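S.K.: structure, please.
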Amino acid sequence: MLGDLPVGFIYRDCQGSAFMPHATEWLDTIDEAQAENIFTREQLLRYFPYYLLVNSTFAVTAALGAAGLDSEANLMARVRTLLAEVRDQVTHKTCLNYVLESPYWNVKGNFFCYLNDHNENTIVDPSVIYFDFANPLQAQEV
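M.R.: Below you'll find the model as predicted:
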């Protein structure tokens with residue numbers, strides 16, 4: 001915390017962890033070469049924006065905005081700026097390019113899942129609970 005604002009976070013999802021194929025060498029060095037959850041590019045682009053950004057990061061920015069600590073627009077611009085800075089520092093940019101540049105993300109609609117009595121763990125085609133979500137970072141150009 002710095003001046004009552006968070007300066008970083010550690011992300012842990014109750015659903016577990018997932019890795020991209022290019023993490024194989026790193027997984028081997030930490031004796032996790034048998035990791036079961038290796039995402040495809042399509043899975044990465046579907047799940048990462050929803051779980052890490054919509055479900056977690058945007059919940060924090062909304063709470064900070066609602067508490068009057070800053071405007072939501074300023075907070076979202078800060079998120080965009082920080083993600084752009086991270087993109088400049090990493091080798092694999094696919095996901096960050098997507099979250100920063102795509103006009104829409106395909107995200108899970110928990111509310112609609114509930115309304116339609118879908119159990120996301122048992123439905124045959126989980127894609128039916130996902131929808132196109134206008135990328136809120138698009139309006140936050142730096």
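
S.K.: use CA for all of it now, contacts and neighbours both
M.R.: OK.

S.K.: quick one, helices of the chain?
M.R.: 24-29, 41-48, 58-66, 72-89, 94-101, 110-115 (DSSP state H).

S.K.: next one: the longest one to chain centre, how far?
M.R.: If I follow you right, that is helix 72-89. In terms of CA atoms, centre = their mean, to the nearest Å, the centre of helix 72-89 is found 13 Å from the chain centre.

S.K.: and if you look at stretch 28-44?
M.R.: With CA atoms, centre = their mean as the basis, stretch 28-44 stands 17 Å off its chain's centre.

S.K.: wait, N37 sits on A18?
M.R.: Yes - with contacts counted by CA atoms under 8 Å, N37 reaches A18, the gap being 4.9 Å.

S.K.: between the two, which one's more packed in?
M.R.: Applying other CA atoms under 10 Å to N37 and A18 shows that A18 carries more neighbours, namely 17 against 12.

S.K.: one step back: weakest of the helices of the chain in terms of mean pLDDT?
M.R.: Note on these: helix 110-115 shows the lowest mean pLDDT, a mean of 68.

S.K.: now render the helices of the chain as TSV, adding distance to V7 and mean neighbour count.
M.R.: Shown next, in TSV, are these (distance: least, CA to CA, whole Å; neighbours: other CA atoms under 10 Å):
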stretch	distance to V7	mean neighbour count
helix 24-29	27	12
helix 41-48	21	15
helix 58-66	12	16
helix 72-89	11	16
helix 94-101	20	16
helix 110-115	29	12
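
S.K.: including distance to F133, could the ones you listed go into JSON lines?
M.R.: Shown next, in JSON lines, are the helices of the chain (distance: least, CA to CA, whole Å):
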{"stretch": "helix 24-29", "distance to F133": "31"}
{"stretch": "helix 41-48", "distance to F133": "11"}
{"stretch": "helix 58-66", "distance to F133": "13"}
{"stretch": "helix 72-89", "distance to F133": "16"}
{"stretch": "helix 94-101", "distance to F133": "11"}
{"stretch": "helix 110-115", "distance to F133": "13"}
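
S.K.: all set, thanks.
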